[in-house]
Each structure stands twice: as structure tokens, then as C-alpha cells.
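Q: sharing a sequence plus its predicted fold:
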Amino acid sequence: MIISHKGDKGMIKKLTILAAILLFVFSVPGVAQEIDLIEKAAEAQWRNSAGQEIGFGLRQETIGIAKYEQDVILEDGKQYKRVLLTHPQGRDFGIIMGVFPNISIPGKGGKLIIAGGFIQGAQGSDGVKFVVQFRQAGERVEAEKRIRIRRRPADEVSPVVSGGVLSSFDAKYNGKIDRIEYDLSQYAGQTGDLILVVQAGQSSAYDWAVWTEAKLVFDVKPKAKLHMTLSGHNSRITDANFSPNGKYIVTASGDNSAKIWEVATGKQITTLRGHSSQVFSARFGPNSKHVITAVGKTAKLWDASTGTEIREFKGHTNKVHCAEFSPDGAVVVTTSEDGTAKLWNAKTGKEIRSIEVTENGVAYDAAFSPNGRRLAIGATFGLVGLWNASNGKKIRNFDGHNRAITSLSFSPNGRFLATSSIDNTTRIWEISNGRLIQTYHGENFREVNFSPDGDYVVTASAEGVSQVWSVQDGTQILAIEHSSGSQRVLAATFSPDGEYIVTAGDDQTAKIWRINLPE
């Protein structure tokens, strides 16, 4: 979306901002990704030495116990909010083991961290062995059912399970919690089962053994590598979007045209000609066969393969800024400088209804919820509203922005709404109650879109940069420098598979970036 605004910036401020951006691009920190096995313990498959299944959370000392203990004091005298208790089977050299299936180790490896000891009062224990093993996919012999009990001195006891031992330590009741780390480099790129094991010594009666930590930590450095530059427009690119099948990109431009490009090769497939003025937006339909563009006081529907205009949607009395399909492709929504949003029958071009968004302002962008039942619209003065798409009734406002809304995007699960504004913020809202979840601060945001998994949003900024942000914790994890100097980035969005981001703007190009983000 293009929104005019005033306000010159001093050269010093521009240089300061650019320097900060470049510093961030070349020094972006790694993002720690974790698999917390304690958190996932209730989902694991728990068994004992005899192959008997152990129900998680049940207290069955004779066959073994796997359960959470809350607010418990351990042998070091400290209180722990939650630990994983794994009491071995009630027999000499008894074993309890939890299998966590299909754990993937990234290609760059990572580390395993385990720590554990005893609940306070277990001084009667003669010690246990904590073990973590890895069993590659395809090696799933029924090892748990064939565990042999080795009758050795306690300090030599080790469980017999197929798969390599990643890490282990012998624990005694000695007033401390043992902790070790293990480098996972030799298992990088592999997928298999992780197995937590606790093995008793000659007696298991007092082996109230707990895991305080059991997690895999991977350092993932987000990356954006330029895949392709799409050149061909002779004016700024105002919008750029992937087709739902991920094969194509459509761009809208101030040169009175929209163009369709092939993602794999960067080849220009067709140009949508016949626009009388700059094209504000261009979006694919859900079947990837049609494109809707916003231009002048109308929206136009096109055959994407031939570039043929199919029909025109007429009815607005001022410029149309956005045209978007409903998820099923049956309806088109348009927003306009006349302050309204209109819903149209996509097949006939007939107007279904008109929604008055703002009496004295501009309706800039609109987005359907994933199920098509709701419609979010952004306008001047920071107005963000949610409407019922079937009857046009307003549901609620999202109050917080104080200047024009440039873009809106629903999360894939329909739970959140992202909004960007020229008030230098992008915000995440909870749909059900209008609650503000996150606020990202930047420089004159122009667009925002969710990643396919809903974990991230990508924004376009006025200072030549596109940013990727974490929805969960609000941190900026990646900055992509589309252009240098004061040239604006006006569009940024993810590909349907999440492997690419396309950015576009004042420099008359669209750029496709291959990205690597934490999963």
C-alpha cells in the first residue's frame, strides 16, 4: 500500500539508521531452538526392564514410576518448580526408560544438556545411572522387551538398549545435582528416537531419581540469501505476492502494469496491460489461475496464464487501494479512498454490499480470515476494524495505532491479526477479544504478513529494509536489506512453503530471498 506523508529527515538521522541496519544485518545473533524432553515427557513411551508399559503419572513402584513432581525439594536443599521423577522398576538393577520418537538433529548439530539427582530424603539409595541414548530411525527392534539385566557392581551397570549412548553419569545421594553437556555433531542431520534411562544399583527401594534438565539446544542463525532479482518495471513496485501454489509472483507497479514471474527461474511470464494509472495491489486467487488488481476507481480480474482481462468491478467513487479474494475465491473485497470497502461476486462482478469504514478518511487494506467469515479493514487515523463478512456487521475495533494502517494479515490459524502503520509500529492482536499481543517498533512500516506456520511475521519498512519478527517473544530475528539509502520497501511476504520471502519497492525491483528460520 502507498500512503503519502510529510516530514523531512535530517541526513544525520538517515546515516545513523542506515548504520544501525547494516550492523544488524551483519551481526544478527543466532536463535536458540530447544527440544525440552521434560516438557514432552508425558508424550513419551515409558517401559521397564521387563518391557512392561508404565503409565505416565501413575504411582506403581513395583513396575516403575514416571511422573512430574511440583514444588519439590531435592538433595541440594533447593526447591524446584517442576522435575521429572523416574523411579526404576522395583528390583535389583531395575530400569525405567522413556522413548521419545522421531527427534530430528539439525544439520549443524547442537548439544544435549542433562542434569539430575535425588529427591531430598532418598539417602538410602545406593546410586543410579542416568543415560541418554539415540536410536536411528529404522533401527526400531523391540529392544525394550529384550533388555537383559547385567548383574555387576553398581558403578559398572549400564542399560542394554540398542543405540549409541549420547551421555550418562552416575548419581549418588551426595547433596548436589549433577549436570553435563554433550556435543551432538556426530548425529547431525539424523532422525531417530531419544531414550531417557535410569538404572538402579543393587537396590531400587530409595531410588527417587529426578531429571532437572533434559533438553536439546540448537543454535540456528537466521539467514536470507538472494535467490533472484526481478527487473522489468520502470517505476516503483507497490505490491508483490506469491501464487498459492508457490510457482509464481505477481507484482504491481506505478508504471500502470502488473507482471507475473516464475519463481524458479525469475522469468517474466506475462504483463497485465490495460491499467490507466498506477496499480496499487495485485493478488492471486486461491486456484493460482486468476489475479485481481486495484487501479483507479476499479478492480480488474485477469487470467494469469494469458494476461487477458476477464471483468472489471466498478462502483467506488475514488481510488481503490486494495483488491483481495476470499479464501474460496467466490468473493472479492476492495477498499477505497471513498472510505468504503465493497464486497463483490467474483464470477459476475456484481456488488454484494458496501461497508462504510470511515466517513472522512481512506480505507487502505482489507483481509479475509482463513475461514472467510470475518473481514479486517484498516484505514486512516489508526482505524482497524473486524466485520462479519456475511452480513457486513461490525464486530469490534482494535485500538492502539494512531496513524494510517498500511496492511493487515491474519495468522494461518485465524487466531491473530497483524497490522502495520505509518505510526512506526506493527502490532499483533488476538482476534477473539481484541487484546494486543505484540508491538514491533521500526521505521514507517508498509506491509506485514505472517509466515505459513504462524511463528513469524515479515514487515516492509520505509528505510530499504524488510524485517522478520518472532510472534512468540516479539524479537526481531532477521533484517533483509532490499535497497540502500532512502529507497522504501513497500512489499514483503512469505512463500506458501515458507522457504522464500519476496520484497519490492522504490528501486523498481522485486527480490526473492531464500531464508533459513528456526523451525
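A: Received it, and whenever you're ready, just let me know what you need. Numbering: from 1, shown residues only.

Q: quick one: the residue most central in space within the chain from residue 440, how far?
A: In the chain, the centroid-proximal residue (C-alpha atoms, centre = their mean) is residue 455; its distance is 1.9 Å. Noted for residue 455: a distance of 14 Å to residue 440, by C-beta to C-beta, to the nearest Å. C-beta: built from backbone N, CA, C; applies to glycine.

Q: do the same with residue 315
A: 36 Å.

Q: the more surrounded of the two?
A: residue 440 (22 against 18; other C-beta atoms under 10 Å).

Q: what helices or strands is the helix or strand where that one lies leaning on?
A: Element membership of residue 440, judged by DSSP states H and E, is strand 436-441. In terms of contacts (3 or more C-beta pairs under 8 Å, 6 or more residues apart in numbering; DSSP states H and E), strand 436-441 is packed against strand 425-430, strand 465-470.

Q: redo that, cut-off 10 Å
A: strand 416-421, strand 425-430, strand 456-460, strand 465-470 (3 or more C-beta pairs under 10 Å, 6 or more residues apart in numbering; DSSP states H and E).

Q: who wins for proximity to residue 211 among these?
A: strand 465-470 (27.9 Å; C-beta to C-beta).

Q: so what's the model's average confidence on stretch 226-240?
A: When pLDDT is averaged along stretch 226-240, the result is 97.

Q: how far does that stretch stretch from one end to the other?
A: The first and final residues of stretch 226-240 sit 16 Å from each other (C-alpha to C-alpha, to the nearest Å).

Q: buried set for that stretch?
A: Neighbour-count burial for stretch 226-240 flags 227-228, 230, 232-233, 236-240 (criterion: 16 or more other C-beta atoms under 10 Å).

Q: quick check, nearest of these to residue 368?
A: Closest to residue 368, out of all of those and judged by C-beta to C-beta, is residue 239, at 16.7 Å.

Q: near residue 267, how many other residues are there?
A: By the criterion of other C-beta under 10 Å, residue 267 has 11 neighbours.

Q: and it, what does it touch?
A: 228, 230, 260-261 (C-beta atoms under 10 Å, 6 or more residues apart in numbering).

Q: ok, it to residue 249 distance?
A: Distance from residue 267 to residue 249, by C-beta to C-beta: 11 Å.

Q: which residues do these two both contact?
A: Common neighbours of residue 267 and residue 249 (C-beta under 10 Å, 6+ apart) are 228, 230, 260-261.

Q: in strands, which of those appear?
A: Using DSSP state E, the members of these that fall in strands are 228, 230, 260-261.

Q: can those residues go into CSV with extra columns for distance to residue 371?
A: Shown next, in CSV, are these (distance: C-beta to C-beta, whole Å):
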residue, distance to residue 371
228, 33
230, 32
260, 28
261, 30
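
Q: could you work out the most separated pair of those?
A: 228 and 260 (14.1 Å).

Q: pull the number of nearby residues for residue 61.
A: The number of residues near residue 61, taken as other C-beta under 10 Å, comes to 13.

Q: same thing with residue 335?
A: Residue 335: 31 neighbours (other C-beta under 10 Å).

Q: how about it, what does it touch?
A: The neighbours of residue 335, taking C-beta under 10 Å, 6+ apart as the test, are 1, 280-281, 294, 299, 316, 319-324, 341-342, 355, 357, 362-366, 377-379.

Q: for ChimeraX, what selects the buried ones among those residues?
A: Buried subset of the contacts of residue 335, written as a ChimeraX selection, criterion 16+ other C-beta under 10 Å:
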select :1,280,281,294,299,316,319,320,321,322,323,324,341,342,355,357,362,363,364,365,366,377,378,379
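
Q: just the contacts of residue 335: which are in strands?
A: Reading strands off the contacts of residue 335 with DSSP E, I get 280-281, 294, 299, 320-324, 341-342, 355, 363-366, 377-379.

Q: next one: residue 379 from residue 457, what distance?
A: 20 Å.

Q: what about the protein, any weak spots by pLDDT?
A: 1-32, 137-163, 219-220, 518-519 (pLDDT under 70).

Q: which strand runs longest in it?
A: Longest strand in the chain, counting by DSSP E: strand 209-220.

Q: chain center to stretch 278-296: distance?
A: Relative to its parent chain, stretch 278-296 has a centroid offset of 26 Å by C-alpha atoms, centre = their mean, to the nearest Å.

Q: quick check: buried residues in it?
A: Within stretch 278-296, judged by 16+ other C-beta under 10 Å, the buried ones are 278-285, 288, 290-296.

Q: report the two of the residues you listed separated the most.
A: Longest span within the buried residues of stretch 278-296, C-beta to C-beta: 288 and 296, 25.5 Å.

Q: about what we covered before: TSV please, covering the buried residues of stretch 226-240 and showing distance to residue 410.
A: As requested, the buried residues of stretch 226-240 are exported to TSV (distance: C-beta to C-beta, whole Å):
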residue	distance to residue 410
227	26
228	28
230	27
232	31
233	29
236	27
237	24
238	21
239	18
240	19
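
Q: re the thing from before, name every strand pairing with the longest strand of the chain and say which way it goes.
A: strand 31-36 (antiparallel), strand 79-87 (antiparallel), strand 111-118 (antiparallel) (DSSP bridges).

Q: for residue 35, which residues are in contact?
A: 100, 103-105, 110, 112, 194, 214-218.

Q: again, only this time at 6 Å
A: residue 216 (C-beta atoms under 6 Å, 6 or more residues apart in numbering).

Q: which one of the buried residues of stretch 278-296 is nearest residue 48?
A: Residue 48 lies nearest to residue 288 out of the buried residues of stretch 278-296, by C-beta to C-beta, at 53.9 Å.

Q: check the gap between the closest one and residue 303 for me.
A: Taking C-beta to C-beta, one finds residue 288 at 12 Å from residue 303.

Q: if we can go back for a sec, what element comes up after the strand holding residue 440 heading to the C-terminus?
A: strand 447-450.

Q: dump that following strand to PDB, restricted to CA.
A: Only the C-alpha atoms of strand 447-450 are listed here, as PDB (Å, rounded to 0.1, in the frame of the first residue of the first chain):
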ATOM      1  CA  GLU A 447       3.300  -4.100   4.900                       C
ATOM      2  CA  VAL A 448       3.100  -7.100   7.300                       C
ATOM      3  CA  ASN A 449       2.400 -10.800   6.600                       C
ATOM      4  CA  PHE A 450       2.500 -14.000   8.600                       C
END
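
Q: same for that strand, what does it pack against?
A: With contacts taken as 3 or more C-beta pairs under 6 Å, 6 or more residues apart in numbering; DSSP states H and E, strand 447-450 sits against strand 405-410, strand 456-460, strand 489-494.

Q: compare those strands and give me the one nearest residue 188.
A: Using C-beta to C-beta, the helices and strands packed on strand 447-450 put strand 456-460 closest to residue 188, at 24.3 Å.

Q: end-to-end on stretch 277-286?
A: End-to-end distance (C-alpha to C-alpha), stretch 277-286: 26 Å.

Q: how far is it from where the chain is centred?
A: 26 Å.

Q: make CSV out of the helices and strands packed on strand 447-450 and add distance to residue 388.
A: Listed next are the helices and strands packed on strand 447-450 as CSV, based on distance: least, C-beta to C-beta, whole Å:
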stretch, distance to residue 388
strand 405-410, 15
strand 456-460, 25
strand 489-494, 26
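
Q: among the ones you listed, which comes closest to residue 70?
A: strand 456-460 (33.1 Å).

Q: and the contacts of the closest one?
A: By C-beta under 6 Å, 6+ apart, strand 456-460 touches 418, 426, 445-450, 466-469, 489-492, 501.

Q: one more: stretch 73-86?
A: When contacts are defined by C-beta under 6 Å, 6+ apart, stretch 73-86 is touched by residues 38, 41, 66-70, 72, 96, 117-118, 120, 173, 175-177, 198, 209-212.

Q: from these, which land in strands?
A: Short answer: the contacts of stretch 73-86 in strands (DSSP E) are 66-70, 72, 96, 117-118, 198, 209-212.

Q: of those, which is the nearest to residue 48?
A: residue 96 (5.6 Å).

Q: if I read this right, that closest one contacts residue 199, doesn't it?
A: No: using C-beta atoms under 6 Å, residue 96 is not in contact with residue 199; the gap is 8.2 Å.
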